[in-house]
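Peer 1: Let's see this in three dimensions:
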Amino acid sequence: MEQRANFRDMQLSTADDWKIISEKFQTYATALPERVINHLRLLEGDCGGFPVDRLTHSLQTATRALRDGRDEEYVVCALLHDIGDSLGSYNHPDIASAILRPFVRPDYLAMVEKHGIFQSYYFFHHLGLDRNLRDQFFGQPIYDLTLEFCEKYDAPAFDPDYDTLPLDSFIPMLHSVMSQPKNSIYKWLR
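Peer 2: Numbers count the residues shown, from 1 in each chain. Below you'll find the predicted structure:
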(Lines give C-alpha, C1' and ligand atoms only; values in the text may rest on other atoms or scores of the structure.)
Protein backbone atom coordinates (compact mmCIF):
# COMPACT_ATOMS: atom_id res chain seq x y z
CA MET A 1 0.00 0.00 0.00
CA GLU A 2 1.27 3.49 -0.89
CA GLN A 3 2.56 5.47 2.07
CA ARG A 4 0.72 8.76 2.53
CA ALA A 5 0.81 11.65 4.92
CA ASN A 6 -1.61 11.33 7.80
CA PHE A 7 -3.57 14.59 8.01
CA ARG A 8 -6.81 16.02 6.69
CA ASP A 9 -5.92 19.64 7.28
CA MET A 10 -2.48 20.98 6.32
CA GLN A 11 -2.39 22.95 9.56
CA LEU A 12 -2.24 19.62 11.41
CA SER A 13 0.65 18.17 9.37
CA THR A 14 3.85 16.91 10.97
CA ALA A 15 7.50 16.63 10.00
CA ASP A 16 6.92 12.92 9.31
CA ASP A 17 4.09 13.82 6.94
CA TRP A 18 6.36 16.20 5.05
CA LYS A 19 9.10 13.61 4.81
CA ILE A 20 6.65 11.39 2.92
CA ILE A 21 5.41 14.28 0.78
CA SER A 22 8.96 15.41 -0.03
CA GLU A 23 9.90 11.94 -1.27
CA LYS A 24 6.79 11.81 -3.49
CA PHE A 25 7.46 15.33 -4.74
CA GLN A 26 10.92 14.36 -5.91
CA THR A 27 9.55 11.48 -7.98
CA TYR A 28 6.86 13.72 -9.46
CA ALA A 29 9.26 16.60 -10.17
CA THR A 30 11.72 14.28 -11.91
CA ALA A 31 8.98 13.39 -14.40
CA LEU A 32 8.39 17.05 -15.36
CA PRO A 33 10.35 16.86 -18.64
CA GLU A 34 8.18 13.94 -19.78
CA ARG A 35 5.00 15.87 -19.00
CA VAL A 36 6.36 18.86 -20.93
CA ILE A 37 7.23 16.61 -23.89
CA ASN A 38 3.71 15.16 -23.85
CA HIS A 39 2.29 18.66 -23.83
CA LEU A 40 4.50 19.70 -26.75
CA ARG A 41 3.08 16.78 -28.70
CA LEU A 42 -0.37 18.37 -28.34
CA LEU A 43 0.86 21.05 -30.75
CA GLU A 44 1.33 18.51 -33.53
CA GLY A 45 -1.16 18.79 -36.38
CA ASP A 46 -2.45 22.22 -35.36
CA CYS A 47 -1.39 24.60 -38.10
CA GLY A 48 -3.74 27.42 -37.17
CA GLY A 49 -3.45 28.63 -40.78
CA PHE A 50 0.37 28.69 -40.70
CA PRO A 51 2.48 26.75 -43.25
CA VAL A 52 3.66 24.33 -40.51
CA ASP A 53 2.01 22.99 -37.37
CA ARG A 54 2.81 24.48 -33.98
CA LEU A 55 5.06 21.58 -32.96
CA THR A 56 7.12 21.90 -36.15
CA HIS A 57 7.41 25.64 -35.55
CA SER A 58 8.70 25.01 -32.02
CA LEU A 59 11.12 22.33 -33.22
CA GLN A 60 12.30 24.53 -36.07
CA THR A 61 12.92 27.47 -33.72
CA ALA A 62 14.96 25.21 -31.44
CA THR A 63 16.79 23.62 -34.38
CA ARG A 64 17.82 27.03 -35.68
CA ALA A 65 19.06 28.10 -32.24
CA LEU A 66 20.97 24.83 -31.75
CA ARG A 67 22.63 25.03 -35.16
CA ASP A 68 23.63 28.60 -34.38
CA GLY A 69 25.56 27.39 -31.31
CA ARG A 70 23.21 28.60 -28.59
CA ASP A 71 23.55 27.02 -25.14
CA GLU A 72 21.16 24.39 -23.75
CA GLU A 73 19.02 26.84 -21.78
CA TYR A 74 18.51 29.03 -24.84
CA VAL A 75 17.64 26.05 -27.03
CA VAL A 76 15.11 24.80 -24.46
CA CYS A 77 13.62 28.30 -24.35
CA ALA A 78 13.35 28.22 -28.13
CA LEU A 79 11.70 24.80 -27.98
CA LEU A 80 9.15 25.81 -25.35
CA HIS A 81 8.50 29.44 -26.34
CA ASP A 82 5.06 28.62 -27.80
CA ILE A 83 4.09 25.67 -25.58
CA GLY A 84 1.38 27.87 -24.08
CA ASP A 85 -0.54 28.10 -27.37
CA SER A 86 -2.85 25.27 -26.35
CA LEU A 87 -3.72 26.49 -22.84
CA GLY A 88 -3.13 30.24 -23.07
CA SER A 89 -4.21 31.26 -26.55
CA TYR A 90 -4.36 34.91 -25.48
CA ASN A 91 -1.22 34.88 -23.32
CA HIS A 92 0.94 31.99 -24.51
CA PRO A 93 4.28 33.64 -23.56
CA ASP A 94 3.12 33.76 -19.93
CA ILE A 95 2.51 30.00 -19.90
CA ALA A 96 5.90 29.25 -21.43
CA SER A 97 7.70 31.56 -19.04
CA ALA A 98 5.91 30.04 -16.03
CA ILE A 99 7.18 26.60 -17.05
CA LEU A 100 10.71 27.87 -17.67
CA ARG A 101 10.99 30.26 -14.68
CA PRO A 102 12.65 27.80 -12.25
CA PHE A 103 15.21 26.60 -14.78
CA VAL A 104 16.60 29.39 -16.94
CA ARG A 105 18.54 32.56 -16.41
CA PRO A 106 16.55 35.79 -16.02
CA ASP A 107 17.40 37.32 -19.40
CA TYR A 108 16.29 34.20 -21.27
CA LEU A 109 13.12 34.11 -19.22
CA ALA A 110 12.38 37.74 -20.08
CA MET A 111 13.04 36.95 -23.76
CA VAL A 112 10.40 34.21 -23.70
CA GLU A 113 8.02 36.38 -21.69
CA LYS A 114 8.24 39.27 -24.17
CA HIS A 115 8.66 37.41 -27.47
CA GLY A 116 4.96 37.79 -28.34
CA ILE A 117 5.26 41.57 -28.23
CA PHE A 118 8.41 41.48 -30.36
CA GLN A 119 6.93 38.96 -32.80
CA SER A 120 3.92 41.25 -33.34
CA TYR A 121 6.25 43.54 -35.30
CA TYR A 122 5.97 41.16 -38.25
CA PHE A 123 2.18 41.10 -38.55
CA PHE A 124 0.31 43.66 -36.41
CA HIS A 125 0.35 46.24 -39.20
CA HIS A 126 -1.55 43.74 -41.38
CA LEU A 127 -4.30 43.73 -38.76
CA GLY A 128 -4.45 47.50 -38.34
CA LEU A 129 -2.55 47.38 -35.04
CA ASP A 130 0.65 49.01 -33.80
CA ARG A 131 3.58 46.88 -34.90
CA ASN A 132 6.03 48.88 -32.80
CA LEU A 133 4.97 47.68 -29.36
CA ARG A 134 8.49 46.34 -28.86
CA ASP A 135 9.82 49.91 -28.84
CA GLN A 136 8.73 50.25 -25.20
CA PHE A 137 11.72 48.03 -24.35
CA PHE A 138 14.25 49.95 -26.42
CA GLY A 139 17.42 50.61 -24.44
CA GLN A 140 16.72 47.77 -22.00
CA PRO A 141 18.90 44.65 -22.06
CA ILE A 142 15.89 42.54 -23.06
CA TYR A 143 15.46 44.50 -26.29
CA ASP A 144 18.46 43.24 -28.26
CA LEU A 145 18.18 39.68 -26.97
CA THR A 146 14.48 39.35 -27.82
CA LEU A 147 14.83 41.18 -31.12
CA GLU A 148 17.54 38.72 -32.16
CA PHE A 149 15.50 35.71 -30.96
CA CYS A 150 12.55 36.75 -33.10
CA GLU A 151 14.58 37.75 -36.17
CA LYS A 152 16.92 34.74 -36.27
CA TYR A 153 14.89 31.90 -34.81
CA ASP A 154 11.17 32.54 -34.23
CA ALA A 155 10.06 34.55 -37.29
CA PRO A 156 11.74 32.36 -39.94
CA ALA A 157 10.59 29.09 -38.30
CA PHE A 158 7.54 28.54 -40.49
CA ASP A 159 9.40 26.97 -43.40
CA PRO A 160 7.89 23.63 -44.48
CA ASP A 161 11.11 22.81 -46.37
CA TYR A 162 13.54 23.43 -43.49
CA ASP A 163 15.52 20.43 -42.24
CA THR A 164 13.96 20.44 -38.77
CA LEU A 165 15.32 18.14 -36.08
CA PRO A 166 12.82 15.76 -34.43
CA LEU A 167 11.62 16.18 -30.84
CA ASP A 168 13.85 13.30 -29.70
CA SER A 169 16.90 15.45 -30.51
CA PHE A 170 15.94 17.89 -27.75
CA ILE A 171 14.84 15.50 -25.00
CA PRO A 172 18.29 15.18 -23.38
CA MET A 173 18.60 18.99 -23.23
CA LEU A 174 15.14 19.32 -21.73
CA HIS A 175 16.03 16.78 -19.04
CA SER A 176 19.34 18.51 -18.35
CA VAL A 177 17.86 21.99 -17.99
CA MET A 178 14.83 20.85 -15.99
CA SER A 179 16.91 18.83 -13.56
CA GLN A 180 18.53 21.94 -12.11
CA PRO A 181 15.99 24.39 -10.66
CA LYS A 182 17.66 27.74 -10.03
CA ASN A 183 14.75 29.93 -9.05
CA SER A 184 12.11 28.13 -7.01
CA ILE A 185 11.00 28.05 -3.41
CA TYR A 186 10.89 24.27 -3.86
CA LYS A 187 14.48 23.75 -4.98
CA TRP A 188 15.38 22.45 -1.53
CA LEU A 189 13.34 19.36 -2.36
CA ARG A 190 15.70 18.08 -5.04
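
Peer 1: Quick one: find the helix or strand in this protein with the lowest mean pLDDT.
Peer 2: helix 15-30 (a mean of 88; mean pLDDT, DSSP states H and E).

Peer 1: List the buried residues in the helix or strand that that helix is followed by.
Peer 2: Remark: after helix 15-30, the chain's next helix or strand is helix 32-41, criterion DSSP states H and E. Buried residues in helix 32-41, counted by 16 or more other C-beta atoms under 10 Å: 32, 33, 36, 37, 39, 40. Heads up, the C-betas are built off the backbone N, CA and C, glycines and all.

Peer 1: Against residue 162, how distant is the fourth one?
Peer 2: Computed as C-beta to C-beta, to the nearest Å, the residue 37 to residue 162 distance reads 21 Å.

Peer 1: do the second one as well
Peer 2: Residue 33 is 25 Å from residue 162, where distance means C-beta to C-beta.

Peer 1: residue contacts, the most centrally placed residue in the chain?
Peer 2: For the chain, the residue nearest the mean C-alpha position is residue 80 (3.2 Å; C-alpha atoms, centre = their mean). Residues in contact with residue 80 (C-beta atoms under 8 Å, 6 or more residues apart in numbering) are 36, 40, 58, 96, 99, 100, 112.
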